[in-house]
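Enquirer: Requesting a structural model of the entry that follows:
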Amino acid sequence: MTVIVPEPVHEENHSSVEEQQKDGGFGVPGSNAFGHSFRDYEKETARRATVEEFYRVNHIYQTYDFAKRKKEEYGKLQKGEMSIWECVELLNEFVDESDPDLDEPQIEHLLQSAEAIRRDYPDQDWLHLTALIHDLGKVLLHPTFGGEPQWCVVGDTFPLGCAFDESIVHHRYFKENPDYNNSLFRTRLGVYTENCGLDKVTMSWGHDEYMYLVMKGNETKLPPAALFIVRFHSFYALHHSGAYTYLMNEDDREMLKWLLVFNKYDLYSKSKVKIDLEEVKPYYLSLIGKYFPEKLRW
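Expert: Numbering: from 1, shown residues only. Next comes the predicted model:
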């Protein structure tokens, strides 16, 4: 089944991707429709210390070799079998320690994102489902699927094998990372070549990469843009700050247009508005049946 994805239509009050990139960055909104600001890692909140400690550990231990080993281990998809919806329900047990904004169970965020996109893009059902599943890789936190510590499951992602860009949140902690003093990894391109394509890049290991491997390994019928969104939705140095664009190829630039649309509804749709799970569940079950097998290898 081939899914034809039309070009995303940007609302009149948002600049085009080309306009957003003129100054070397991207026009990511600072607040959502409720006027709430997000990704403020400096404001005084009860979660600030927890978030900063998370990134300290994350930045020390996320190395090129570590990420390659994890990708090889989990890419075998031998942790178990379950449906997409069973995975959605498992996430009710976890709160993301890297997130300064969100202290609700994960299922609340997934439904908020998906329903917000469904409202504004009613004809793009593939995008609705992508929003619902984009964080399912956090099942890595569950004992059945490895019981991994949060520092290698959640948080912003970034390329490994090349220099750590200063736009990455809490960048100073990379000084304790073994890769920081590697003469090759300290360079702009590192092990890569100009415009090699993000598919050639080793990203820090986490739920994004894992869910991408699950989707690919189970031959989802979702379009390539969906896989790109899932794999790079936490790559904020790219789509928030415009870093690492020199690693992108033309296909990446086309996919980025949809990722920028998606991100308005990811972190920026968070609110205390509750979604009626039983009311929307039949719709999302129908999409799961359309784009995925009944049981997936994880």
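
Enquirer: which residue sits closest to the most centrally placed residue in the chain, ignoring its sequence neighbours?
Expert: Geometric centre of the chain, nearest residue: residue 233, 2.9 Å, by CA atoms, centre = their mean. Excluding the flanking residues, the one nearest residue 233 by CB to CB, 6 or more residues apart in numbering is residue 134, at 5.5 Å. In this view, the C-beta of every residue, glycine as well, is placed from N, C-alpha and C.

Enquirer: Next, give phi and psi for that neighbour.
Expert: Recorded main-chain torsions at residue 134 are phi -60, psi -30, according to degrees, to the nearest 10.

Enquirer: Who are the contact partners of it?
Expert: Residues in contact with residue 134 (CB atoms under 8 Å, 6 or more residues apart in numbering) are 110, 113, 211, 229, 230, 233, 262, 266.

Enquirer: Surely the last one and residue 127 touch.
Expert: No: using CB atoms under 8 Å, residue 266 and residue 127 do not qualify as a contacting pair, with a distance of 11.6 Å.

Enquirer: residues bridging contact with those two, i.e. touching both?
Expert: In contact with both residue 266 and residue 127: no residue, using CB under 8 Å, 6+ apart.

Enquirer: where do the helices sit along the stretch 101-250 of the chain?
Expert: 106-120, 125-133, 207-217, 224-232, 236-239, 250-263 (DSSP state H, counting those that start in this stretch).

Enquirer: Dump the C-alpha coordinates for the first one into PDB.
Expert: Extracted in PDB, the C-alpha atoms of helix 106-120 (Å, rounded to 0.1, in the frame of the first residue of the first chain):
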ATOM      1  CA  GLN A 106       2.300   9.700  28.700                       C
ATOM      2  CA  ILE A 107      -1.000   8.600  27.300                       C
ATOM      3  CA  GLU A 108      -2.400  12.000  28.100                       C
ATOM      4  CA  HIS A 109       0.200  13.700  26.000                       C
ATOM      5  CA  LEU A 110      -0.200  11.300  23.100                       C
ATOM      6  CA  LEU A 111      -3.900  11.900  22.900                       C
ATOM      7  CA  GLN A 112      -3.600  15.600  23.200                       C
ATOM      8  CA  SER A 113      -1.100  15.700  20.300                       C
ATOM      9  CA  ALA A 114      -3.100  13.400  18.100                       C
ATOM     10  CA  GLU A 115      -6.500  15.100  18.700                       C
ATOM     11  CA  ALA A 116      -5.000  18.600  18.100                       C
ATOM     12  CA  ILE A 117      -3.600  17.400  14.700                       C
ATOM     13  CA  ARG A 118      -6.800  15.600  13.900                       C
ATOM     14  CA  ARG A 119      -8.700  18.900  14.400                       C
ATOM     15  CA  ASP A 120      -6.500  21.000  12.100                       C
END
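
Enquirer: name the helices or strands packed onto it?
Expert: Packed against helix 106-120 by the contact rule (3 or more CB pairs under 8 Å, 6 or more residues apart in numbering; DSSP states H and E) you find helix 84-90, helix 125-133, helix 277-291.

Enquirer: and the angle for it with helix 125-133?
Expert: 160 degrees (axes from the mean of the first three to the mean of the last three CA atoms, to 10 degrees).

Enquirer: Could I get the average pLDDT for helix 106-120?
Expert: Averaging pLDDT along helix 106-120 yields 90.

Enquirer: just to revisit the earlier point, to residue 290, which of the helices of the stretch 101-250 of the chain lies closest?
Expert: When the helices of the stretch 101-250 of the chain are compared by CB to CB, helix 125-133 sits nearest residue 290, at 7.6 Å.

Enquirer: Could you check how far residue 170 is from residue 53?
Expert: From residue 170 across to residue 53, the span is 10 Å (CB to CB, to the nearest Å).

Enquirer: isn't residue 252 right next to residue 198, touching?
Expert: Yes: counting by CB under 8 Å, residue 198 is a contact partner of residue 252 at 5.0 Å.

Enquirer: Switch the helices of the stretch 101-250 of the chain over to TSV; also include distance to residue 80 and mean neighbour count.
Expert: Converted to TSV, those look like this (distance: least, CB to CB, whole Å; neighbours: other CB atoms under 10 Å):
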stretch	distance to residue 80	mean neighbour count
helix 106-120	19	21
helix 125-133	17	25
helix 207-217	11	23
helix 224-232	19	23
helix 236-239	30	22
helix 250-263	28	19
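
Enquirer: Residue 284: which of these is closest?
Expert: Nearest of the helices of the stretch 101-250 of the chain (CB to CB): helix 125-133, 5.6 Å.
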